[in-house]
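**Student:** Sequence and predicted model, in that order:
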Amino acid sequence: MLGGASPIHRQHLKQAVRICIGRNIPLGTPIHSVCQIRHTACSTRAVTHSQAHPPDHQTSAERNFQRAHAHIGTPHCRSPNPHSITAKQSPITETLDSYPQEVVAAIDTCLAQARELVDCEAVKRIKDVPIHSRYFTDRECVIRLAQDAVATSRPQRALQILNIAHHLGCHLKPNHYEGVAYHLAGRSHWALVPPLVTAAKHHCGRTSVRLLNWNMRALVENQGYDQLDHVFEEFINKDLPPNRRTFHLLISGHLRNRNLNSAKEYLEKMAVAGFPVDPSTHAVIVAAYRSLGVDLKVQIRAFEGLRDLDGRLSTVVLNSIVQQLLDSRDEKAATRFMLAFDLPGGHGRDPTGSGSTTELVGEHTDSFSTRTPIDSPTVKPNAATFSILLRYMAREGKLSRMLKLLDHMKRAGVHPDPSILAALIRGYLAAGHSREAISVVAVLLSVRSPTTAGVFCSMMQVQPLTVLPVDVQGVPLTAHIFNALMSGLLDVMGLKAMRDILRTMRAVGISPDSHTVEILMSFLERAQGTGPRQLIRVLRSFSSPSLRPTIRHIHIILRSILRREKFKVHGCGWDTTAAKYSKKRTYNPKFPEGRILDTIEPYHPTAGLELPRRLRLKSWFRPILQSVSQQAIQSDRATIALRLKHEAVTRSDMGTSQTAFRNMLDQGLHPTIHHYSTLMDGYAKMGDIRGAKQVLREALEAGIQPNAIMYTILVNGYGRRGRPEEAMRAFRAMIRAGIVPDVPSIDAVAHAYFAVGAYSVARRVLREMWAQVWPFPPELEHANLRTLAVTFRSYSLNPEHGRRKLSTRQQRLLHWKMRAIKTEWMRFEQSTGSRPLSGGIIRPDGYPYKEE
């Protein structure tokens, strides 16, 4: 449990869930505009009707929010003046205030009623008043009203407006519906696009290629992969020739679903239809290839076609390549491609004058990374470019570099968007600057609702800053920004932070999305130790027609089950291994049949994992699994890693795990460091250290650099075999590689000595290595070994202990400390005589492993 966060209680969880599933929360996650639109084409009398009525963007939830929290504020933290937050107040037209009240009331009445329009009294009254009916009978007014309705907190109004217009005899054409679809897509209301296309077919009696393409794009964004082939068949049934964009959408959707075979099939169909593969096709492939992993051939092909693409597509291609390389933590390769961007200070130059763009992502410089891989044209960066870099720096805890990059962004003339502000919030929270992170959201709230901003700051108990490193004017407040704040504050404030943020989201009409649920479930599983039963309850409570379970939600549930599964099979703590070598205790491991995951033949979407038939888990999980399976979602790399962990670590079946690994490669998925680490852990737990080292060599050949987790697996493997000297040798190899030892790796070394009864050496390991993680507490100078171990392990949850490289001086200091530990170990062996405790372990099949 992290500092400041209180333990989870059932009533806390119920409160958090109840806030999100209240009846007055609108479906979808609207993205609000910040520019004012005047309705000059329609009746000018509309303005006079709206002046006497309150704006509809201040919902009842917002007014209740203000009244309910009017008492918040303590003598130590007074409620800040909302107007003290400096932000340019731009006029916001997220309402239908400039339209007559009767028109808006008729729309909302029909939206709330489940009856036919012919029976709606509000529509009948509108029809009898010409000044009101013109909004539903004049094409231009209808389309303008529908497009403006998209920008409100209830975008469903747009579809109802079109239905009323059709009922009153306004004959619209498919291109009118295409314009509305464009506005829905611009605000990410993808769930409303398919109903819009269906309405267009019904109203017009026909459809268009563009409408079907919009429908296909919405299915891809909503992960409705099971419908992609049906939409393509509709082109043939309607005698509409698909264009290049149609095939690009199909290829992109199947690649995002990790279905490489279907993507190849549509590449062939595209060529048959007269659209050969061109640079734009390579751009689509590389942009959608992130879910499959880094493929150098795909990246080079897309990069070679930059000269034949327009500026927008060139930026998309380069952004995708850099994103994939940073996902794999290959900073050097990412830097090479970044040199193609036209950054301030010159093409491929750092605007600070240091000489290269490596200052933006890392400290690695060599002759290979100071030139572009291919003589490329100049590519203009956009907001997504800086967002990718900022997210990477936030993950690495490089706040100073983030602020420096924001200066570069200003000089490049790039205005921030919600993803950039979300990355900035994550960077602040990773550095422990929660006040600055909260201030970003407070400034955005002050533009939308100053009163809500004041109440929000009171709940967070902070006085917001008045100056931000970026200009947030015109940036819409979205769920993505709230999710970034929520993910960081949960570790600091616990579930109280989520409750307060959800109340604020409801007050301003922003609904949680699937990532919000993922953040909550991940926190409950990781920091609170919540079991799978409660995780399933949370997911089912949040699920709705507009918020469906995803493969990432399933991954969290399976991960929770596997963690308990691993504990049941291998135990936990130092005593489990020490029992193997103790003369007083007996080591008798048992395989808990019927209480761990099973495997089934349908491989997708759980990679063949099936919940055990106990405690009603399977019956509760079945609707969630069916919801994801109906969308034909394929297994992702994270879920396959869980399958490997189940086979290799829990069942110790390395043959099946290797088969699953090869099947993943056959599907076109590129393994990550997690897959190799899981295989290493399986071999190490079986006592086959040679097999674990072979997997490590294969990872190196695949271009994956080992991390502390891989070396810790080797250290633990030697410790379980009763060979502490070999464990220390593996630990030394990690230090020579420049990898910073963390809590698990140091704990593994101490555990190796503890297992063979060298308690004084284990204590010396913890005492000497403590400073690598945290300053040693003076009050623990004379504490026993158990107290030291428990306290030291608590530092593993410290978010401030980030990744860094060891300097030469730090490596020498560690080697000096390890020599002192080795001296202590030699004294222990001298006191016990020979080394009977360093022998081999019998394999499960009864034969001893060969010594290496």
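**Tutor:** Yep, it's here. Only a predicted model underlies this, so the values are computations on that prediction, with no experimental measurement involved.
**Student:** Give the residue spans of the stretch 351-500 of the chain that score low on pLDDT.
**Tutor:** 351-377 (pLDDT under 70).
**Student:** which ones are touching the residue most central in space within the chain?
**Tutor:** Nearest to the mean C-alpha position of the chain, by C-alpha atoms, centre = their mean, lies His515 at 6.8 Å. Going by C-beta atoms under 8 Å, 6 or more residues apart in numbering, His515 touches Ala479, His480, Asn483. Backbone N, C-alpha and C define where each C-beta goes, glycine included.
**Student:** my read: the last one touches Ser514, true?
**Tutor:** No. Between Asn483 and Ser514 there is no contact, the gap being 10.0 Å when judged by C-beta atoms under 8 Å.
**Student:** in which helix or strand would I find Lys693?
**Tutor:** Remark: Lys693 resides in helix 689-701, with elements defined by DSSP states H and E.
**Student:** Over to the nearest residue to Lys645 once chain neighbours are set aside. Which of the three states is it?
**Tutor:** In space, and not counting its chain neighbours, Lys645 is closest to Thr678: 4.9 Å by C-beta to C-beta, 6 or more residues apart in numbering. At Thr678 the chain is in helix, as set by DSSP: H, G, I helix; E, B strand; the rest coil.
**Student:** any idea how far Ala412 is from Thr678?
**Tutor:** Here the criterion is C-beta to C-beta, to the nearest Å. By it, Thr678 lies 41 Å from Ala412.
**Student:** So if I had to pick from those two, which one is more boxed in?
**Tutor:** Taking neighbours as other C-beta atoms under 10 Å, Thr678 and Ala412 compare with Thr678 leading, 24 against 18.
**Student:** Quick check: the gap between that one and Leu696.
**Tutor:** Computed as C-beta to C-beta, the Thr678 to Leu696 distance reads 13 Å.
**Student:** Ile536 against Arg622, yeah?
**Tutor:** No. Counting by C-beta under 8 Å, Ile536 does not reach Arg622; the two are 10.2 Å apart.
**Student:** more neighbours, these two?
**Tutor:** Neighbours per residue, other C-beta under 10 Å: of Ile536 and Arg622, the larger number sits with Ile536, 22 against 11.
**Student:** Count residues in the vicinity of the closest residue to the more buried one other than its chain neighbours, would you?
**Tutor:** Distance criterion C-beta to C-beta, 6+ apart; nearest residue to Ile536, sequence neighbours excluded, is Trp620 at 4.9 Å. By the measure other C-beta under 10 Å, the count of residues near Trp620 is 17.
**Student:** what about Trp620, which helix or strand?
**Tutor:** Going by DSSP H and E, Trp620 is in helix 617-629.
**Student:** Counting by contacts, list what the helix or strand that that helix is followed by packs against.
**Tutor:** Next along the chain after helix 617-629, taking DSSP H and E as the criterion, comes helix 637-645. Identification of packing neighbours for helix 637-645 by 3 or more C-beta pairs under 8 Å, 6 or more residues apart in numbering; DSSP states H and E yields helix 551-570, strand 609-610, helix 654-666, helix 673-686.
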